[in-house]
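Peer 1: give me coordinates for this.
(chains A and B)
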Amino acid sequence: MGRRTYTRPMDGWWLRNPFFVKYMARELTAVFVVLYALILLVGVMRLAEGRAPFEHWVANLQTGPAIAMHVGLLAVFLYHTLSWFQIMPKTMAPVIVAGMKVPACAITGAGLVASAIASIAVFVAFRMFAA
Amino acid sequence: MSARSKQPIVWLLFGAGGMLSALIGWMLVFITGIAIPAGLFLSPDLFSYDHVLAFHRHWAGKAFAFAVISLFLWHGALRIYHSLHDLGIKSHTLNGWAVFGIAALGSAAAGYALLAIGF
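Peer 2: Numbering: from 1, shown residues only, chains lettered A, B, ... in the order given. Below you'll find the predicted structure:
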């Protein structure tokens, strides 16, 4: 039998500090990113099966609960975008412009602007495809 | 025997998926889950079988759909893998097979379906 040394319990460790709660919230977005990818995956699979299965998939998306769920997904994805660009300055090599280190908030801001531009481009592309 | 780590590959897929989802993920959720189904700003006709089929028969549409589905899955897989560890579920081999297995199978299924749709 080994010695019964004390080990500090780790249950709920992330609830002890607001920084860790934020960390867990950010990591939890991944579950919903996977969920959304699976919804799209089912759509592509139904599309390959033919007209009737695909139209059934679309009819499911048009229900109230499905739209409400996507409103929730939208909020989670917006938080994912924000948190992704908030941690980006910590994960990338420092950017030096004119001998000065670019501040973290500038990198985050640039990322959010890039997201807005890319997303608007996607929306415009969909509108053009509809026309 | 080379014991080269697979981590850089997984991290690359994670980073690519994280960036793609951060850039356009929220807009895709809005378009496919709210705007088109509810007919808000976009025509519900965008989800007609013929429209969606035409989109996915084009090589660019196939590439876009495959990138979104597979990279989102790989991005989520790595985060969930680490979160399971953080929550004290430390059977790493099992966790790895579960999360990366879903990402790999999902990517394969997306690739198969997109090819089955034809060109």
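
Peer 1: please count neighbours and contacts with C-alpha atoms only from this point.
Peer 2: OK.

Peer 1: could you pull out the strands in chain A for me?
Peer 2: A:96-97, A:100-101 (DSSP state E).

Peer 1: and those: which comes nearest residue B:10?
Peer 2: Closest approach to residue B:10 among the strands of chain A (CA to CA): strand A:96-97, 28.5 Å.

Peer 1: if we can go back for a sec, could the strands of chain A be laid out in TSV, adding mean neighbour count and mean pLDDT?
Peer 2: Shown next, in TSV, are those (neighbours: other CA atoms under 10 Å in any protein chain shown; pLDDT from 0 to 100):
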stretch	mean neighbour count	mean pLDDT
strand A:96-97	9	89
strand A:100-101	10	90
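
Peer 1: and the longest helix along chain B, what's its mean pLDDT?
Peer 2: Criterion DSSP state H: the longest helix present in chain B is helix B:59-86. Mean pLDDT, computed over helix B:59-86, is 95.

Peer 1: quick check: next helix or strand after it?
Peer 2: Of the helices and strands lying after helix B:59-86 in sequence (DSSP states H and E), the nearest is helix B:92-117.

Peer 1: let me see the confidence value for residue A:2.
Peer 2: 68.

Peer 1: what about residue B:6, neighbour count?
Peer 2: Using other CA atoms under 10 Å in any protein chain shown, residue B:6 has 8 other residues around it.

Peer 1: can you check residue A:34 too?
Peer 2: By the measure other CA under 10 Å, the count of residues near residue A:34 is 23.

Peer 1: tell me if I'm right that it and residue B:79 touch.
Peer 2: No. Contact criterion CA atoms under 8 Å: residue A:34 and residue B:79 do not qualify, at 10.3 Å.

Peer 1: tell me the contacts of the closest residue to residue A:78 other than its chain neighbours?
Peer 2: In space, and not counting its chain neighbours, residue A:78 is closest to residue B:26: 5.8 Å by CA to CA, 6 or more residues apart in numbering or on different chains. Neighbour list for residue B:26: A:74, A:75, A:77, A:78, A:81, A:119 [criterion: CA atoms under 8 Å, 6 or more residues apart in numbering or on different chains].

Peer 1: quick one, phi/psi of residue B:26?
Peer 2: Here is the backbone geometry of residue B:26 (degrees, to the nearest 10): phi -60, psi -40.

Peer 1: what residue ranges in chain A score low on pLDDT?
Peer 2: A:1-2 (pLDDT under 70).

Peer 1: what segments of it are helices?
Peer 2: Assigned by DSSP H, chain A shows helices spanning A:18-49, A:51-61, A:64-91, A:104-130.

Peer 1: which strands and helices sit next to the first one?
Peer 2: What it means is helix A:18-49. helix A:51-61, helix A:64-91, helix B:49-57, helix B:59-86, helix B:92-117 (3 or more CA pairs under 8 Å, 6 or more residues apart in numbering or on different chains; DSSP states H and E).
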